[in-house]
Structures are given as C-alpha cells and as structure tokens.
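[1] Pasting a predicted model and its sequence here:
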2 protein chains.
Amino acid sequence: MAEKKLVESITSMDVDFAQWYTDVVRKAELADYSGVKGCMIIRPYGYAIWENIQKDLDERFKALGHENVYMPMFIPESLLQKEKDHVEGFAPECAWVTVGGENKLAERLCVRPTSETLFCEHFKNIIQSYRDLPKLYNQWVNVVRWEKTTRPFLRTSEFLWQEGHTMHATEEEARKETLQMLKVYEDFYRDTLAIPAVTGRKTEKEKFAGAMETYTIEPMMHNGVALQGGTTHYFGDGFAKAFDITFTDRDNTVKYPHQTSWGVSTRMIGAIIMTHGDDNGLILPPKVAPIQVVIIPVQMHKEGVLEKAQQVADTLRAAGIRVKLDSTDNSPGWKFAEYEMKGVPVRLEIGPRDIENNSCVLVSRVSRNKNFVSLDGLEATVKEMLTTVHNELVDRVKKNVEAKTHVATTWEEFADHAENHPGFIKAMWCGETECEEKVKELTGGVKSRCIPFDEENLAPTCVCCGKPAKHMLVWGRQY
Amino acid sequence: MAEKKLVESITSMDVDFAQWYTDVVRKAELADYSGVKGCMIIRPYGYAIWENIQKDLDERFKALGHENVYMPMFIPESLLQKEKDHVEGFAPECAWVTVGGENKLAERLCVRPTSETLFCEHFKNIIQSYRDLPKLYNQWVNVVRWEKTTRPFLRTSEFLWQEGHTMHATEEEARKETLQMLKVYEDFYRDTLAIPAVTGRKTEKEKFAGAMETYTIEPMMHNGVALQGGTTHYFGDGFAKAFDITFTDRDNTVKYPHQTSWGVSTRMIGAIIMTHGDDNGLILPPKVAPIQVVIIPVQMHKEGVLEKAQQVADTLRAAGIRVKLDSTDNSPGWKFAEYEMKGVPVRLEIGPRDIENNSCVLVSRVSRNKNFVSLDGLEATVKEMLTTVHNELVDRVKKNVEAKTHVATTWEEFADHAENHPGFIKAMWCGETECEEKVKELTGGVKSRCIPFDEENLAPTCVCCGKPAKHMLVWGRQY
C-alpha cells in the first residue's frame, strides 16, 4: 500500500539521524541532487520556504533602513588579495574562472565566496563625506565555497544567502549595527522559525577572515549538534585602510569609516528540518510554511462535502492563510501521511458528520491532538491554532536545548559529556587558542560555539589547562 | 550653482543618445561600473526598480500556476554538449570554471548562460507519468554571457533575469504556453512599464539556439532603435530526446514531453530609460517607480509647512503610495531638478499659501503641467494622477513608434529609410536567410526583428530579391 510505503521509506531519527535527514529532504521534495558535484537543486516546495524566509527578513532589514543592491559575482584575484587575512581565509575554497568566451583570461576571477572586497571597491567610489554615511546595503545572491563533503542545505558548494555590508562614520555606530543585526537574526529565528537559540561572540580562532569581532547564533539541532546559524562581523577600519576608503568628517578631518557585514543562508532550511522534524517527516514553522493548512475532505464523494471543503478553503484564503485543499482520489489516510511528511502545520478534516454539526477537525502537526471546532469564526480559530503550533515548537526546542546542555567544571566531566551526552557543554576557558585546539583533538571534534552574552561563572579555572578562566564558553559538535 | 551643475551634466539626447544614456544611468544612480570587465553594480535606486519588476512579473507567473525553483549555476561541459544546436549557440560566450579550491577540475564547468540543460537533467528524474505533467517552473537568477562590448543594463557579461522552463504532455499545450507567456510579457510591458510594443515570431536565422520557434517582444527606443525585450521558445521534443526524458501517457504508451522556455532580464531597465527618458533625465513608469510621489515643501521653515507635508506623506503612504518627503536644506529648485533626473512620476509641492487654501500642486513628470488640487481626497487625486502619467507615457510611445515606423515596397525605399529615417521598416520578405544577411550587409546593420502577428500584405515580392513574398517582416537596428 502507498501509505505504508511512504512511512517505511523514512529511516527513524534514532536509528540514523543523517539518513533520516536525507530521507526527509528527498521525500518532502525540498531538494534534489544535481549532476554538478556539491550543488543542489532547490525544488518548488523548498524554494517556497526560502521565499517566505526572504520576505520576512527583507522586511526586517528594510525597516532598519537597509537598501538592496547587486554586485558582480566575479572577483578579480588582485581584488581578493587586498585584505591579507580575508584572502587567506577564502582563497583555498574559491572556484576560479580562467577562460572567458574562447580566451584565457589575463587575470583569473573568483566566483564570490562573500563580497566584502567588491563592496569596498564600490564604497571607495561613493563615500567622500560624512553626509554619505552610513551606507546600509544588503544583497540576496548565490555564493560558492568549494566544499569537499556536502549535504543539501547544510553544506553545499553553491548556496543562496543574503549578505549585508555597511559603512559607518564611527566605531560605536558600526559596533551597534553588528549587534543590532545579530538581534534581528535572533528574533527571526525565534519568532519566525520557532527556533530559540544561544547567541554570543566567536573566539579569536573561530572569527571570520578579516573581522575584528564575529557574533553568531547557534541553534541546537534535535540530536544535540550545533549549526552555525548566522553571523555578524565588525571589521573596524581594516578593509577601509586596505582599500583606501576615506571620508571627510564634520570636523573637516579625513577619516576611515568603520565596517560591518552579516549573513544568513539556505542553511536555515537545514536548521528547520533538523530542529523540528520527527519520524513522520518534516515539521514546518507556520510562518514560513508554503502550506499552513491542508484541508482533507472525508467521504469526499458524499453530496456537499467537496463544496463545503472548497467554501472553507476560500474563507481561510481570504483571511490570508495559505491553504491547500486536496481533492485527489488518494485515501484520507494516505493524505494524512503525505502532508505530515511535508510538515504542514495544521490539518483540517471535514466530512458529512462534521458538516451536519457545523464543525470540522483541526490537528496540530506537533502535538497531533484532534480539536473539534465550529465552522463559525473558523478563520480566527485556525489563526490561533497556527500560533499554538508555533508555540508548541518553541517550547519543544527550549526543552530539548535545556535537556542537552551540560555543565562541566572538570576535564573528566567535559570528556564524559563529549563522549556520552550529545549537546552543548558549558565550561570555563582561559582564553587561549591552544586550549580550543586541544579540546577539539581530545574529543574528536568538540569546538567552541561562542562566548554567550549571558556568561556564568562556573569555576575559577579553564576546564582544559587549569589556568585562570577568562570566559565561559559554549562548546559543541557542529554541522 | 548645484542646480545648474545637475542639468549641465547630462548630454542632450539629440546631440549624443549613447552619451545621454550613460549620463542618465550614472546621474540617476541606477548603476555603476565595477572593476570586473563587463559587469555592473546595480545601485539601490536601480535595484528597487528591479524588485518592483520582479514582484509584478512573479505574481503574473504564479497566477498561471508556475512555481519557482533554483538550479545550480554551474553546467558541466558534457551536459552543455548534449543538445548540438544549443552548445554551438552558447559555448563561444561561456565563462569557464577550471579550478575548484586548489585543484584543477577533471571537467570544466560553464557558468550558466541559460539553464535548459540543467532543467532537462532534473526533468528526467522527476517526470515518469502524464500525472507528472505539466511541469511549470521558473527561476530568478544571475547568468553570464561573455560579451566583448558592454553597456549597463543593455548588454553586460553578467545580468539578472528570470527563466521559465516548462514541460508538457502535448505539442499543442506547449505551443499554447509559448504564446501565453509572450502575452504575459506584452501585457507587462504595456500595463506596467508603459511600453506598448510589437510582438511576433523570429525568423529561422534569429531563433534561440535549439528552439523550433522563438517569439519576441520588440520595444522601440526613443531614438528608433529596437531592443529585444523578451523571448519565449518552443523546443518541441528536441531536448527531451537528447536527454532521454520520457513519460507514460494515459494510453500507456511511452512518449517524449514537449518543452518551452522564456525569459526577460535587467535589460528591461535599459528599455525604460531609453523609451521614456528626456533631456531632464529618467522618467519612470509609476508602477515600478521606487518613489511614485516626491513631496517638496516650499518655504519649508515657515510654521506648519513641514508638519503639513509630513501629514500629507503619511496619508498617501497609508493609501499604499510610495512617497518620499524631501525635507533637506537644498532649495526647492535643486530638488525639482534632482527628482526629475531620478524620474519620479509625480511631484507634490506644498507651501504656506497652498496650506491656507487647503490645496497643493501636483506636477506630472511627463507633461510637466501644474495641477492645483484640494487636500481633501488627495489619495484618490494622486492615484488618478499616477494613472494619468502612465497613460501619457503609453500615448507618447505609441506616437513615437507610429512616427518612426516606415513602409518599404522597393529596395530604394528600404535603403532610404535605413539610411535616413531611424526606426522600424515594414517590408515583404521571401523567407530566405540569404536575404536577411544581404539586407544586414547593405544597410550596415538592419536586421529582421520579427514576423509580427498582424502581418500586412504590402507587396507581392521580397523587398530584397524580388522573389515571391512569404511574410511581412519588421526590420530595424538593435541594441
């Protein structure tokens, strides 16, 4: 039977989380492999999620005064080399265009891995006076980082993202922007993706190539592994100096402006899958779900059922809810399984007896509870239900993060958590890169996620070397 | 004076149209040159136009059932070579990635010039049955065609576009789609961009590489030169055969599906500039203008003026109108010139005397007529005014096209028009590619634009060779 096949086809999360992930990506028709190594095809259902993400974030950016632009996707090698740390960080993973038309190029061109250098070249042309500042730019584009091992959404050679690039007259203003945009990401993750997550500052070792400070949001996946969910960078005037970008300030002196950049990518779709999904498939947060409510008519061929289902669909659609009515000949049971797989947040069942009672059944994809509700005022009831599903997701994530966050005050505790308790480890740290490297080596991959904003004083000494502690770090394995 | 400088800085259209174009692109801050040969930077004002274009077209596509996807931007050389005509058409203008990370690639990758091959590879995986058809896909992406001479928006090595790719069970349905999407472009050009334009079929010589039929929309620029504004292609089952895409039909036989593709690009911004602009700068069609109404307070420092201007701005914004209130210290005259340069469709002036009379002044960017209107019901008045500006633009384009479309029944007439009368030439044609080539050579560049849908029977013989005529062609020079 088709129903059976559909469910059988997913590996259980607990058996093999990686295989479960791949199964969901393919069975929910989010993405497909392509013939191009490391590149994926984002299918309609996956792309519709991305469009909802874009729309929401773009409004948040614009509300804060940011403007969208488009920079070329090619970076001449000499331009990439202008900032030393930056080129060292990115050159090893660049794709290089060496032939254009039928001719070998005099200078090879990198396909953008990120666009700081191009923005700087442009800023140099358009910034002369304090009146030209701030520049608050963003672009929605594809970027390429040549990866050796890839997985759909999580790590692909080409991916889609937004990259914000801003220039400010003062350090203070630029630092404020860096933190403000991290806050935007944090709010978006929690309020739109239903993923509350830890935020903080990256250590020296984990900073972005060329940045003075990197901030990060680190959502924890269902299995306790971290995903770097988005970063914001404060560059100081390093790039400005390398690119000779100056402006005349109010006081008539010539100064270097201060710079930031920040980005999130299609990787967020991977975060949604791995944070919310279960053994029945995907679970989509209502705010980005392409279909928020699927209507499944029961005993559909009885008189009046389809007509009523269509009426309900029209009513909900008119109220701005994204609705799909499935009136195909598949059985209700098959449909239940299919839309659970696709992670539709709310299922609405309606049959002859419901219609008689002027009611229908609403089922949350999270709790799977059945709610018998009146057809009167259904728009409001459904909207409430969508909010309920969102809150159920947030609560579940909070509980998971809490259950999988461990404290270690000694190396023995740390090693035990690292080996036996998937999740985050909170522990004190001396501030030295050597200790981060040693921890990673000894644990086979546990890295510092961030210095969280709400540091606790867990112990006086570094969990690794025993020297006086400088910071509390959140540690964890990562995708 | 600043005002003087602003106006002086544009070359007159009649003196040097090409220079006028470049001046407008730069002074209106639509685009800037980049350090990457042939690639442009789309600045915030230009990109905001593109966003409005995207939103409008995307709604039209989705209303017809199309879904957005994202394909990789790299095409392995072997994949590009699968369809013979296609690779011959595109290979000479491809940019090639030959190094990834630090290694030479085993097979070089083309940066997509168009994505038929990638879509076909995917279609092969997802199409098995008639139930899987039609597939109605679209993507909004960047593409690269290595151009020797480039101009912002008109011809750049990298540009932004949408490319629709569809697969159908029957030839009839695919042909209908090809014409339907041309109609979408035609409607969009006329109703959104205020550019009514001739549409028709391309000759064998001018067809897209690999297509059986190519249809085109050919707007005429103010100076009489054509711009290929958008094309739709019917491929038959040529690609399907090359890629071995088959489906089992209702009658249980295995068949090849029929394919279309269609696209428009950032070149449309070039069309807007060159169709509507004048010696004072850009003129934007209201539906895509980032600022539809600019409010310029007069005697701004008099009590109550700014407050009232702000009230008016709020009222209009609440009615869904895109408004900017310029309260900077520049003189009203300087502001008038600046927003004329930027092509803002309607200017609203408001000063102490207007406020006393409960009125304001509306000025159309096209006619430049002053309209004294009441502040009561201003939203409706302004919306009407925006419609008026749109209609003024459409009428002006129609008149220009009419005035610059010439009929030639003899070669002498044709040669005279080609040399002395910029614009389109309608003339009969025998159907042979040789005649198209000869005309191009003899006139130094006049090419066939299309066989229009409303062909006229102007003469019995081909204007070039004198053999019996098969079609009427619209001829013209092109960008």
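    That came through fine.
[2] contacts and neighbour counts: CA atoms only from here.
    Will do.
[3] Which residue ranges of the stretch 351-479 of chain A form helices?
    In chain order, the stretch 351-479 of chain A shows helices spanning A:352-356, A:378-403, A:411-420, A:433-443, with DSSP state H, counting those that start in this stretch as the criterion.
[4] before we move on, what about the stretch 1-150 of chain A?
    Defined through DSSP H, counting those that start in this stretch, the helices belonging to the stretch 1-150 of chain A, from first to last, are A:2-8, A:17-27, A:44-63, A:77-80, A:84-90, A:116-126.
[5] With respect to A:Leu316, which of those lies nearest?
    Taking C-alpha to C-alpha, helix A:44-63 is the member of these nearest to A:Leu316, at 18.6 Å.
[6] Give me the residues contacting stretch A:162-172.
    Contacts of stretch A:162-172 from elsewhere in the structure, counted by C-alpha atoms under 8 Å, 6 or more residues apart in numbering or on different chains, are A:114-116, A:119, A:130, A:133-141, A:174, A:236, A:249, A:256-265.
[7] now, which of the residues you listed lie within strands?
    Assignment to strands by DSSP state E places the following of those there: A:135-141, A:236, A:258-265.
[8] how much space between A:Ala309 and A:Pro72?
    If you measure A:Ala309 against A:Pro72 using C-alpha to C-alpha, to the nearest Å, the figure is 49 Å.
[9] What score does A:Met220 have for pLDDT?
    Confidence at A:Met220, expressed as pLDDT, is 98.
[10] And the residue sitting nearest the centre point of chain A, how close does it get to B:Lys205?
    Note on chain A: the residue nearest the mean C-alpha position is A:Met268, at 2.3 Å, using C-alpha atoms, centre = their mean. Summarising the geometry, the distance separating A:Met268 from B:Lys205, computed by C-alpha to C-alpha, is 47 Å.
[11] Check the helices of the stretch 351-479 of chain A for me and report the most buried one.
    Relative to the other members of the helices of the stretch 351-479 of chain A, helix A:378-403 carries the highest mean neighbour count by mean count of other C-alpha atoms under 10 Å in any protein chain shown, namely a mean of 18.
[12] okay, A:Leu6: pLDDT?
    A:Leu6 is assigned 51 on the pLDDT scale.
[13] Let's have the helices of the stretch 1-150 of chain A in CSV, adding distance to chain B and mean neighbour count.
    As requested, those are exported to CSV (distance: least, C-alpha to the nearest C-alpha, whole Å; neighbours: other C-alpha atoms under 10 Å in any protein chain shown):
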stretch, distance to chain B, mean neighbour count
helix A:2-8, 16, 14
helix A:17-27, 12, 19
helix A:44-63, 5, 18
helix A:77-80, 9, 17
helix A:84-90, 9, 16
helix A:116-126, 7, 19
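[14] Would you reformat those helices as CSV and include distance to B:Val463?
    Rendered in CSV, the data for these read as follows (distance: least, C-alpha to C-alpha, whole Å):
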stretch, distance to B:Val463
helix A:2-8, 65
helix A:17-27, 59
helix A:44-63, 50
helix A:77-80, 53
helix A:84-90, 60
helix A:116-126, 51
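[15] Identify the residues contacting A:Lys388.
    Check again: residue A:388 is Thr, not Lys. The contact partners of A:Thr388, by C-alpha under 8 Å, 6+ apart, come to none.
[16] meant to ask about A:Pro44, not that
    With contacts defined as C-alpha under 8 Å, 6+ apart, the neighbours of A:Pro44 are A:Glu29, A:Leu30, B:Glu67, B:Asn68, B:Val69.
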